[in-house]
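Following is a predicted model, sequence given first.
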There are 2 protein chains.
Amino acid sequence: MENKITNSQHTEMPDLEVLFDLADLFKVFGDSTRIRIMFTISDNEMSVLSIAEALNMEQSTISHQLRVLRQNKLVRVRREGKQIYYSLDDDHVKKIIEMGLDHVLE
Amino acid sequence: MENKITNSQHTEMPDLEVLFDLADLFKVFGDSTRIRIMFTISDNEMSVLSIAEALNMEQSTISHQLRVLRQNKLVRVRREGKQIYYSLDDDHVKKIIEMGLDHVLE
DNA sequence: TGAACATATGAATAAATGTTCATATGTTAA
DNA sequence: TTAACATATGAACATTTATTCATATGTTCA
């Protein structure tokens, strides 16, 4: 153990690179279409078309946004025949959304 | 108590308006300058100029972004003479950032 | 009141981003 | 292999957004 004063109040500033990644992550949550997609697949995995129908949006739009979610490891992908099923990656994602909701709804 | 099956897995989709607000909130976290500002003032309140100096950015840039943070109730403001001191509004904000960091650093 | 300082704000510009259309890729079943 | 279906992707366009410059507003002190 280092001889160092620790303080729970203190929040060390991460490296710039980490801060960019962090901002990029929140950017993903900063679009209502992606938020709606995440809610839509939060209970059950769903195919791209089902998501598009549920949200009444174009398949292409959903597909583009799913790619963003994929790239940021926020969704899991599973192929079954012609369809590709998407689901939320982990509970982390739900928790981030819940924290945001708490703030919005307060 | 209502006679209704509850399920902790189930996440009800909020109204569209709430979803837009939620996306708007995350949008605020989705910029590295604002993230850096939030880290900078997470321990102590700071004046606008101090923040600008700490981040080596223009006073105007910081002021513009502080307004965004203000409008979204993420910072507290206190005037003392010529200076205006900003601090994080509540621990909520820190928690949202921490959740994001967890995801980024994993 | 006027000078000096701190902060806020409007306009302009450049860059990033979401959606659409058209089409490519990949899969299944006949 | 071909037709039909599901998904992905590139280009184009419109919109949003972050930063900068110039300047306005607000505060203190002489």
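Perfect, I can see it now.

what does chain A put close to DNA strand D?
A:47-49, A:59-60, A:63-64, A:66-67, A:77, A:82-85 (Cβ under 7 Å from any atom of the strand). C-beta: built from backbone N, CA, C; applies to glycine.

From the residues you listed, which land in strands?
Among these, the ones falling in strands (DSSP state E) are A:47, A:77, A:83-85.

Can you tell me which of these are buried?
Burial by neighbour count, 16 or more other Cβ atoms under 10 Å in any protein chain shown: within these this picks out A:47, A:84-85.

Format those residues as TSV; extra columns: pLDDT and distance to residue A:98.
Shown next, in TSV, are these (pLDDT from 0 to 100; distance: Cβ to Cβ, whole Å):
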residue	pLDDT	distance to residue A:98
A:47	98	26
A:84	98	27
A:85	98	24
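
ok, the most centrally placed residue in chain A - contacts?
The geometric centre of chain A, computed from its C-alpha atoms, lies nearest to residue A:74 (Cα atoms, centre = their mean), at 4.4 Å. For residue A:74, the contacting residues are A:28, A:38, A:88-89, A:93, by Cβ atoms under 8 Å, 6 or more residues apart in numbering or on different chains.

Among the residues you listed, which lie within strands?
residue A:88.

Among the contacts of residue A:74, which one has the most neighbours?
Neighbours here mean other Cβ atoms under 10 Å in any protein chain shown. Within the contacts of residue A:74, the largest count is held by residue A:38, at 25 neighbours.

you'd agree that one is up against residue A:93?
Yes - with contact defined as Cβ atoms under 8 Å, residue A:38 reaches residue A:93; the gap is 6.6 Å.

Poorly predicted segments of chain A, please.
Within chain A, the stretches with pLDDT under 70 are A:1-11.

all helices of it, in order?
A:16-29, A:32-40, A:48-55, A:59-71, A:91-105 (DSSP state H).

Kind regards, and thank you for your time.
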